[in-house]
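Peer 1: got a sequence here, can you model it:
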Amino acid sequence: MSVRRRAALTRRILAGAVLLLAATASVPLRPYAPSQVVVAVALDVEGRGIVYSWGGGHADEPGPSTGTCRGYTGRILPCPAIRTVGLDCSGFTRWVYALAHGRDVLGPGTTDDHVRRMRRVGSPVPGDLVFFGKVTKKRLRTHHVGIYLGGGRMVNAPETGAVVRVDRIDQVKGFAGFYRL
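Peer 2: Here you go, the predicted structure:
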């Protein structure tokens, strides 16, 4: 190929590249998928050292709040929830999802109420919720929820006396499945 032809081909390739770059520069970048935002928010909350409070996180708006001693069965007595500002497991997931989605998508309620608003998935992605308890067509009785991180780990508000933290999923009994909005 002559020098002249090679230079002409190079100019056409460069012109095409500039045209392609100009056309794609006006296309907005793909925002983070909600699951990535959920994980980022969950890990941010985990880093704040927020304590567990039975019933915490279930005020009118999601977020840390004092809890309740109604239904409390924890090992720390007397029940510290009414004087402890913090989150229980469903209050934690409610707040993280509200922060990530910009509104209270899970709403108030227990883990049973939240699992009813979601669909079960066989192949979880980070940001999905992982529930523990019994979930069948005839029976729904969950006792814990966390936010799946991948690799068998979750962020959760585990129990009275603990802070929001990362745990292995297999540390909690009664795995019921992964769920997504």
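Peer 1: per-domain residue ranges of the protein.
Peer 2: 1-30, 32-180 (automatic domain parsing).
Peer 1: would you tell me which one of these is buried the most?
Peer 2: domain 32-180 (a mean of 18; mean count of other CB atoms under 10 Å). (C-beta placed from N, C-alpha, C; glycine too.)
Peer 1: show me where pLDDT drops low in this protein?
Peer 2: Scanning the chain for pLDDT under 70 picks out 1-33.
Peer 1: now the strands for it?
Peer 2: With DSSP state E as the criterion, the chain has strands at 65-66, 85-86, 119-121, 129-135, 140-150, 153-156, 165-168, 175-180.
Peer 1: now find how far off-centre the first one is within its chain.
Peer 2: Between the centre of strand 65-66 and the centre of its chain there are 20 Å (CA atoms, centre = their mean, to the nearest Å).
Peer 1: try the last one
Peer 2: Here the centre of mass of C-alpha atoms in strand 175-180, compared against the chain's by CA atoms, centre = their mean, lies 13 Å away.
Peer 1: got it, and the third one?
Peer 2: Shown here is strand 119-121, whose average C-alpha point lies 14 Å from the average C-alpha point of the whole chain (CA atoms, centre = their mean).
Peer 1: need the strands of the chain in a markdown table (columns: distance to I50).
Peer 2: Below are those laid out as a markdown table (distance: least, CB to CB, whole Å):
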| stretch | distance to I50 |
| --- | --- |
| strand 65-66 | 11 |
| strand 85-86 | 6 |
| strand 119-121 | 27 |
| strand 129-135 | 18 |
| strand 140-150 | 14 |
| strand 153-156 | 11 |
| strand 165-168 | 10 |
| strand 175-180 | 23 |
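Peer 1: H58 and S65 touch, don't they?
Peer 2: Yes: between H58 and S65 there is a contact under CB atoms under 8 Å: 6.8 Å.
Peer 1: common neighbours of these two, please.
Peer 2: The contact sets of H58 and S65 overlap at G91 (CB atoms under 8 Å, 6 or more residues apart in numbering).
Peer 1: for stretch 100-110, output the C-alpha coordinates as PDB.
Peer 2: Extracted C-alpha coordinates of stretch 100-110, given in PDB (Å, rounded to 0.1, in the frame of the first residue of the first chain):
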ATOM      1  CA  ALA A 100     -30.800   3.400  48.200                       C
ATOM      2  CA  HIS A 101     -34.200   3.800  46.400                       C
ATOM      3  CA  GLY A 102     -35.000   7.300  47.600                       C
ATOM      4  CA  ARG A 103     -38.200   6.300  49.300                       C
ATOM      5  CA  ASP A 104     -39.600   3.800  51.800                       C
ATOM      6  CA  VAL A 105     -40.000   0.800  49.400                       C
ATOM      7  CA  LEU A 106     -40.300  -1.900  52.100                       C
ATOM      8  CA  GLY A 107     -42.600   0.100  54.500                       C
ATOM      9  CA  PRO A 108     -43.100  -0.600  58.200                       C
ATOM     10  CA  GLY A 109     -43.600  -4.100  59.500                       C
ATOM     11  CA  THR A 110     -41.800  -7.200  60.400                       C
END
